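> I would like the atomic coordinates for the input below:
(one chain, ligands or ions: 2)
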Amino acid sequence: MSEMERTTPVLYLVVPCYNEEEVIEKSAQVLGDKLRRLAQAGKIGEDSKVMFVNDGSKDRTLLLLHRIAAQDALFSVVSLAGNYGHQSAILAGMMTARQYADAVVTIDADLQQDIEALDKFLESYMAGSEVVYGVRNDRHSDGFFKKSTATMYYRLMHLLGSKVITNHADYRLMSKKALDALSEYKETNLFLRGLIPTMGFPSDVVYFDVKAREAGHSKYTLSKMVTLAMDGITSMSVRPLRLISSLGFIVFVFSFVMSVISLVDWVRGYNVPGYTTTMIVSLLIGGITLLSLGIIGEYVGKIYMETKHRPRYIIDTFVWKKEDVMDDREERTE
Ligand code: UDP
Ligand code: MG
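Ligands and ions are numbered 1, 2, ... in the order given. Sure, this is the predicted structure:
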């Protein structure tokens, strides 16, 4: 794939954390262990690190993270000023890590995603891939609701023309080159899974098993999930707007036919009570109009947010080692 041989990469694991106090120490241990083994095997550089991103946790997560980073230089902590959500948290981590790493892998804090798949990610990177997507083998660890809504959602996304990779959920390797390219994308409505495949670059897929959450419970509330799903659709596709036009056209043809029929009836002096027809037509048109306004409003809202050019995250503190605490609220906003 690439003309030049790759050298052993400095790998950064970016781990978003939101209220993960139950699992974070175990995660640090497992992820740290894996990085050490990979470094010993000569598969990654000695300067590789785990970079936790605290996404405005309200529990003891940040305290525990600082404790972990103070004990061991393998760990670093980027702490955001508030809860910006999973997508912004990974973006903050990736954009910080790309300054020090050759490759970055994003992985959840709950150890659901099999860390042993890292070897395959690295092989693919060494073979020249700039982006490697982790794709889960099956969804038996998910409940019925999540499983069926996820399947339906991926279908809908493909139908709307988005390039999302089915069953890929932000467990992903990106090279420095790909991350530098990603930094050029300034959109506020972030849906990384849809955005990254549109960038191009040689990419690959690695399959992994999903386990049950190690501890704690899912931090993706239903409303966070719905928001992500909506962002996924409206930030990647304008097809819903086109569907409105098609719908409008169909309704127009239908009303035209209905008008002709009513006129003919009137000319013939044929008077029907017509309550049902009138009701159905006005309800239908009213409903379609409101729905269409809603969809258009969704896009207008997105445009409004985009025009503000607000920072997508604000880094409060960045901790490497015990001695070395940087407070660069101003410098490192994106
Ligand atoms: N997360 C985050 N900010 C949020 C919600 C979640 O950084 O507002 C993190 C969370 O700590 C975890 C990852 O995103 O590391 C995935 O969340 P979770 O495991 O709760 O989602 P699920 O696996 O249930 O989809
Ligand atoms: Mg999870």
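> Mind checking the pLDDT average for the longest helix anywhere in the chain?
Ranked by number of residues, the top helix in the chain under DSSP state H is helix 275-308. Confidence for helix 275-308, expressed as mean pLDDT, is 82.
> Can you list the low-confidence ranges for the chain?
1-4, 139-141, 272, 322-334 (pLDDT under 70).
> Could you pull out the strands in it for me?
Using DSSP state E, the strands of the chain run over 11-17, 49-54, 75-80, 103-106, 131-136, 168-175, 203-208, 315-319, 325-326.
> Save those as a markdown table, and put in distance to residue 190 and mean neighbour count too.
Every C-beta, even on glycine, is put in place using the N, C-alpha and C of the backbone. Listed next are those as a markdown table, based on distance: least, C-beta to C-beta, whole Å; neighbours: other C-beta atoms under 10 Å:
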| stretch | distance to residue 190 | mean neighbour count |
| --- | --- | --- |
| strand 11-17 | 13 | 27 |
| strand 49-54 | 14 | 27 |
| strand 75-80 | 14 | 24 |
| strand 103-106 | 13 | 27 |
| strand 131-136 | 16 | 23 |
| strand 168-175 | 11 | 23 |
| strand 203-208 | 19 | 18 |
| strand 315-319 | 16 | 20 |
| strand 325-326 | 25 | 14 |
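> of all these, which lies closest to residue 278?
strand 168-175 (49.2 Å; C-beta to C-beta).
> Relative to the whole chain's centre, how far out is the longest helix of the chain?
27 Å (C-alpha atoms, centre = their mean, to the nearest Å).
> now for it, which elements pack on it?
Where contact means 3 or more C-beta pairs under 8 Å, 6 or more residues apart in numbering; DSSP states H and E, helix 275-308 is packed against helix 222-236, helix 239-267.
> at 6 Å instead, please
For helix 275-308, there is no helix or strand it packs on, judged by 3 or more C-beta pairs under 6 Å, 6 or more residues apart in numbering; DSSP states H and E.
> Report the angle between that helix and helix 239-267.
On the basis of axes from the mean of the first three to the mean of the last three C-alpha atoms, to 10 degrees, helix 275-308 is oriented at 150 degrees to helix 239-267.
> quick one: helix 275-308 to helix 222-236, angle?
Our comparison of helix 275-308 with helix 222-236, counting by the same axes, to 10 degrees, yields an angle of 80 degrees.
> residues in the chain within reach of ligand 1, list them.
16-18, 20, 55, 83, 85-86, 89, 108-110, 112, 218-220 (C-beta under 6 Å from any ligand atom).
> sorry, back to before: show me which residues of the longest helix of the chain are buried.
Within helix 275-308, the residues that qualify as buried are 292, 295, 302, counting by 16 or more other C-beta atoms under 10 Å.
> Residue 46: neighbouring residues, count only.
Residue neighbour count, defined by other C-beta atoms under 10 Å, stands at 9 for residue 46.
> Quick check: closest non-adjacent residue to it.
residue 39 (5.8 Å; C-beta to C-beta, 6 or more residues apart in numbering).
> For the one you found, grab the count of nearby residues.
Residues near residue 39, counting by other C-beta under 10 Å: 18.
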